[in-house]
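Chemist: next comes the sequence, and after it the predicted model I'd like to discuss.
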Amino acid sequence: MGVWNSHTSVGNILGSLIAGAFVSSQWGMSFIVPGLIIASTGVLCFFFLVEKPEDVNCSPPQHHSEAEGDEAVAVSNDSAQVERSAYGSISADAVEEVEEGVVEFSLCLLFAKLVSYTFLYWLPLYISNVGQYAHACVIHHIIRHIIHHIIRHIIHHIIRHIIHHIIHHIIHHIIHHIIRHITHHIIHHTSYITSYITSYITSYITSYVTSYVTSYITSYITSYVTSYITSYMIRHFVVLSTLKLLNVSFNFQHILTLKRPETCPRCSTWEESWVSCTTLRDLT
C-alpha cells in the first residue's frame, strides 16, 4: 500500500542528509560515507539474507510457488526466444519480439525521474543561490518535502485500496444477487414450462389414444356386426329360398302326378277351381 514503494525516497532522504552534512566542510565524505553504507549493507545481505524458504525449513505458500513456476517458464521462454549472435549482439528477430509498451513505459519513467531528481538536486542549489539559504537548511526543506510526498503516497494507496475493496465487494454482491435472481427465475420458469409441457403431452397422448381406441373398437364392432348380420341374412335368405324352391318343385311334381279333378263341388269349372278354390288348393 505504498510503504514498500517508498524505499527509493528513503534512499534519497539518507543521501541528502549525508550530502548536506558534509557539503560545507568535507565534501569528499559525501561520497565516501554513502559508499561505506552501501558496502556494509551488501555484506550483511550476502551473509544473512535467506534466498529460499527451504533453507530455513519453511514451505513457501502456494501462490509463491506458482508465481515462481510461471516466472521460470517465462524466463526460459524469453531465453529461448532471445538469440545472440557470435559477437554477443542480439539478433534482429529477437529485437522484433520485444513486448509492446516497453518503449512507452521507459519514456514515461524517464520524464518522471527527470522531474523528481530535478527537484531533488537542482532545487537546493537554486534556493541556496537565490534565497541566500544555507545548504543544510535547504536540505532539510527538501527532506521535509520528500517525507510529505511519502506520506501522501501511502495515504493515497490506502484510500485506493479501501475504495477498491469496497467497490469490489459491492460489485461482487450485486453480481451475486443478479445471478441468484436470474437463477431463481430460470428454475421457476423451467419448472413451470416442464409442468406445462408434461401436462400438454399427457393430455394430448391420452386424448389421442382414447379417440384412436374408441374409433378402432367402434369401427371393428360395426364392421363385424354388419358383416355378421349381412352374411347371416344372406345365408338365411339363400337357405329359405332354396328350401322354398325345392318345396314348390316337389309340390308341383306331386300335383302333376295326381289325377286332375274335373270340377270342384263348389266351382263351376276346373280353371276357376284351380285358381280360387281353397278345396283344390288344400288337396295340393
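Modeler: Yes, it's here. Since the structure is predicted, the reported quantities are computational estimates derived from the model, not experimental observations.
Chemist: contacts, neighbours, all on C-alpha from now
Modeler: Noted.
Chemist: what helices or strands is the helix or strand harbouring residue 157 leaning on?
Modeler: Per DSSP states H and E: residue 157 is located in helix 135-257. Contacts defined by 3 or more CA pairs under 8 Å, 6 or more residues apart in numbering; DSSP states H and E place helix 135-257 against helix 7-22, helix 123-130.
Chemist: weakest of the ones you listed in terms of mean pLDDT?
Modeler: Ranked by mean pLDDT, these bottom out at helix 123-130, with a mean of 72.
Chemist: nearest to residue 203, out of the helices and strands packed on helix 135-257?
Modeler: Across the helices and strands packed on helix 135-257, residue 203 has its closest neighbour in helix 7-22 (78.8 Å, CA to CA).
Chemist: what comes up buried for that closest one?
Modeler: Across helix 7-22, burial judged by 16 or more other CA atoms under 10 Å covers 9, 12-13, 15-22.
Chemist: tell me the mean pLDDT over stretch 197-214?
Modeler: Stretch 197-214 comes out at a mean pLDDT of 85.
Chemist: with just CA atoms, put that stretch into CSV.
Modeler: Below are the C-alpha coordinates for stretch 197-214, written out as CSV (Å, rounded to 0.1, in the frame of the first residue of the first chain):
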residue,chain,number,x,y,z
ILE,A,197,-45.3,-29.4,-21.4
THR,A,198,-45.8,-32.6,-19.4
SER,A,199,-49.5,-31.9,-18.9
TYR,A,200,-50.0,-30.9,-22.5
ILE,A,201,-48.2,-34.0,-23.8
THR,A,202,-50.1,-36.2,-21.3
SER,A,203,-53.4,-34.8,-22.2
TYR,A,204,-52.6,-35.0,-25.9
ILE,A,205,-51.5,-38.6,-25.7
THR,A,206,-54.4,-39.6,-23.6
SER,A,207,-57.0,-37.9,-25.9
TYR,A,208,-55.3,-39.4,-29.0
VAL,A,209,-55.1,-42.9,-27.5
THR,A,210,-58.7,-42.7,-26.3
SER,A,211,-60.0,-41.4,-29.6
TYR,A,212,-58.0,-44.0,-31.5
VAL,A,213,-59.1,-46.9,-29.4
THR,A,214,-62.7,-45.7,-29.4
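Chemist: how about that stretch: buried residues?
Modeler: So, applying 16+ other CA under 10 Å, stretch 197-214 has no buried residues.
Chemist: who touches it?
Modeler: Outside of stretch 197-214, no residue comes within contact range by CA atoms under 8 Å, 6 or more residues apart in numbering.
Chemist: okay, now the unreliable bits of the stretch 1-150 of the chain?
Modeler: Applying pLDDT under 70 to the stretch 1-150 of the chain flags the ranges 1-2, 60-99, 120, 128, 131-136, 138.
Chemist: ok, now with 80
Modeler: 1-13, 15-17, 19-25, 27, 53-100, 116-146, 149 (pLDDT under 80).
Chemist: quick one, helices of it?
Modeler: 7-22, 29-48, 62-81, 92-96, 102-117, 123-130, 135-257 (DSSP state H, counting those that start in this stretch).
Chemist: could you dump the ones you listed to TSV with distance to residue 56?
Modeler: Shown next, in TSV, are the helices of the stretch 1-150 of the chain (distance: least, CA to CA, whole Å):
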stretch	distance to residue 56
helix 7-22	26
helix 29-48	12
helix 62-81	16
helix 92-96	40
helix 102-117	37
helix 123-130	47
helix 135-257	32
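Chemist: among these, which comes closest to residue 54?
Modeler: Of those, nearest to residue 54 by CA to CA is helix 62-81, at 11.7 Å.
Chemist: for residue 155, see how far away the residue nearest to residue 9 when sequence neighbours are not counted is.
Modeler: Spatial nearest neighbour of residue 9, chain neighbours left out: residue 146 (6.8 Å); criterion: CA to CA, 6 or more residues apart in numbering. Applying CA to CA, to the nearest Å, the value for residue 146 to residue 155 is 14 Å.
Chemist: if you count surrounding residues, which of the two has more?
Modeler: Shown here are residue 146 and residue 155; by other CA atoms under 10 Å, residue 146 has more neighbours (20 against 15).
Chemist: if I read this right, that one contacts residue 11, doesn't it?
Modeler: No. The pair residue 146 / residue 11 is not scored as a contact, 10.7 Å apart, by CA atoms under 8 Å.
Chemist: how big is the angle separating the helix holding residue 157 from helix 102-117?
Modeler: Following axes from the mean of the first three to the mean of the last three CA atoms, to 10 degrees, one obtains 150 degrees for the angle between helix 135-257 and helix 102-117.
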